[in-house]
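Trainee: coords please:
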Amino acid sequence: MVRSAAGPSGRDREERNDTGHEATVLVEAQGRAIAAAPMAEGWFEDRPPWDIAVLHTSESLPTTVATAPLGGYEGARAAGRTVSVLGLGDVAHGVWAYSVLRAPSGPRAGYVQLDAASTLGPRITEGFSGSGVVDTTTAHVIGVVSDSYADPRGTFGDVAWMIPVDTIPAVWSGQLRPAAPTTPPAQRDTAWVDGATRTHRLVVALCEVPTIAMLGPREVFHSYLAGRIRRWVPYEGPAELYAARLVARCRDHGELRSALAVLDLLEDNSEPMRRCWEAAAPVLRGGPS
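Mentor: Coordinates of the predicted model:
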């Protein structure tokens, strides 16, 4: 993870007629801060694929640091897949935003459009730039967030763009290719991806239930939850963040089914609640909940 950068900004470099390749960044690897600098011909700020820098570290990374598995964008787009992005923003440990892959578009050639997957919850906005775009089906990184769109009303995050990993040219000997796994994918990795997808579907379904989507009714629902859930899941904030925390905490304590039953009583078996039960079924089958 790139933790911080040091060096002149793009505008400062332009005023000083400086290429900027002396600038350094600090890369965090398992608690260690390692200095790095862009490789020669490895800073793509004025030509495709734009806003990408290939770094050379001052020392080798720990052998326990695994390379992120890379994947191609075209196959994922053909399947209309959902992608996830972890952005920092104002949240200490980040917040996940979910989008759907679309076609190439945007302010620069080679960008690929990302449409928000839900009408509720976090969007890809400031604080997400440079984050890896993960295909939720394969858990491969297929791109890097590059920009976000603000419509004339000032609404941010419904549309964003990424730079596909497979458009980054080789700038060292050999070719830049998706990282091939050294061993066959473990069964537990597939199970993790499947579990994350099921949980995400439940979170999205919960956000569409009016009692969760609106703060006032949510507060009433929250007051009926078990104390060990209520004390650790603040009800304020975006609906998707609340729903994600609620599901995680309830699963940890085997309270998911009972929490959904309380929600169902308040919703009087509404259509959004029925869809929520459908999304919850595979999660409830997956283990004690």
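Trainee: what about R102, how many residues nearby?
Mentor: 14 (other Cβ atoms under 10 Å). (Each C-beta comes from the backbone N, C-alpha and C, glycine too.)
Trainee: err, G227, not the other one
Mentor: Neighbour count of G227, defined by other Cβ under 10 Å: 7.
Trainee: same deal with L215?
Mentor: By the criterion of other Cβ under 10 Å, L215 has 13 neighbours.
Trainee: that one reaches E236, doesn't it?
Mentor: Yes. Using Cβ atoms under 8 Å, L215 is in contact with E236, at 7.2 Å.
Trainee: what residues sit buried inside stretch 208-222?
Mentor: E208, V209, T211, I212, A213, P217, R218, F221, H222 (16 or more other Cβ atoms under 10 Å).
Trainee: which ones among those residues are found in helices?
Mentor: Within the buried residues of stretch 208-222, residues falling in helices by DSSP state H are T211, I212, A213, P217, R218, F221, H222.
Trainee: just put those in CSV and tack on pLDDT and distance to G121.
Mentor: Shown next, in CSV, are those (pLDDT from 0 to 100; distance: Cβ to Cβ, whole Å):
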residue, pLDDT, distance to G121
T211, 95, 16
I212, 94, 11
A213, 91, 10
P217, 94, 17
R218, 94, 14
F221, 96, 18
H222, 95, 18
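Trainee: tell me which two in these are the farthest apart.
Mentor: Within these, A213 and H222 form the most distant pair, 13.5 Å apart (Cβ to Cβ).
Trainee: what helix or strand is R249 on?
Mentor: helix 239-252 (DSSP states H and E).
Trainee: show residues contacting that helix.
Mentor: 95-96, 118, 120-122, 199, 202-204, 206-207, 212-213, 218, 229, 232-236, 255-256, 259, 283, 287, 289 (Cβ atoms under 8 Å, 6 or more residues apart in numbering).
Trainee: what's the next secondary structure element after it?
Mentor: Downstream of helix 239-252, the first helix or strand assigned by DSSP H and E is helix 256-267.
Trainee: against which helices or strands is that next one packed?
Mentor: Counting contacts by 3 or more Cβ pairs under 8 Å, 6 or more residues apart in numbering; DSSP states H and E, helix 256-267 is packed against helix 210-213, helix 215-223, helix 239-252, helix 271-285.
Trainee: mind saving the C-alpha coords of that helix as CSV?
Mentor: Extracted as CSV, the C-alpha positions of helix 256-267 are listed here (Å, rounded to 0.1, in the frame of the first residue of the first chain):
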residue,chain,number,x,y,z
LEU,A,256,-28.9,-12.5,12.2
ARG,A,257,-32.1,-14.5,12.0
SER,A,258,-33.6,-12.9,15.0
ALA,A,259,-32.6,-9.4,13.8
LEU,A,260,-34.3,-10.1,10.5
ALA,A,261,-37.4,-11.3,12.3
VAL,A,262,-37.6,-8.0,14.2
LEU,A,263,-37.2,-6.1,11.0
ASP,A,264,-39.9,-8.2,9.3
LEU,A,265,-42.4,-7.3,12.1
LEU,A,266,-41.7,-3.6,11.6
GLU,A,267,-42.0,-4.0,7.8
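Trainee: which secondary element of this structure has the worst mean pLDDT?
Mentor: Sorting the helices and strands of the chain by mean pLDDT, DSSP states H and E puts helix 10-16 at the bottom, at a mean of 37.
Trainee: coming back round to it: make JSON lines out of the helices and strands packed on helix 256-267 and add distance to V133.
Mentor: As requested, the helices and strands packed on helix 256-267 are exported to JSON lines (distance: least, Cβ to Cβ, whole Å):
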{"stretch": "helix 210-213", "distance to V133": "26"}
{"stretch": "helix 215-223", "distance to V133": "30"}
{"stretch": "helix 239-252", "distance to V133": "18"}
{"stretch": "helix 271-285", "distance to V133": "24"}
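Trainee: out of those helices, which comes closest to R81?
Mentor: Across the helices and strands packed on helix 256-267, closest to R81 is helix 271-285 (Cβ to Cβ), at 17.8 Å.
Trainee: what comes up buried for the closest one?
Mentor: P272, M273, R275, C276, W277, A279, A280, V283, L284.
Trainee: tell me the contacts of the second one?
Mentor: Spelled out, that is M273. By Cβ under 8 Å, 6+ apart, the neighbours of M273 are V209, L263, D264, E267.
Trainee: what do you get for the fifth one?
Mentor: The contact partners of W277, by Cβ under 8 Å, 6+ apart, come to L260, D264.
Trainee: same question, the third one
Mentor: Taking Cβ under 8 Å, 6+ apart as the definition of contact, the neighbours of R275 are A205, E208.
Trainee: with that, I have no additional questions.
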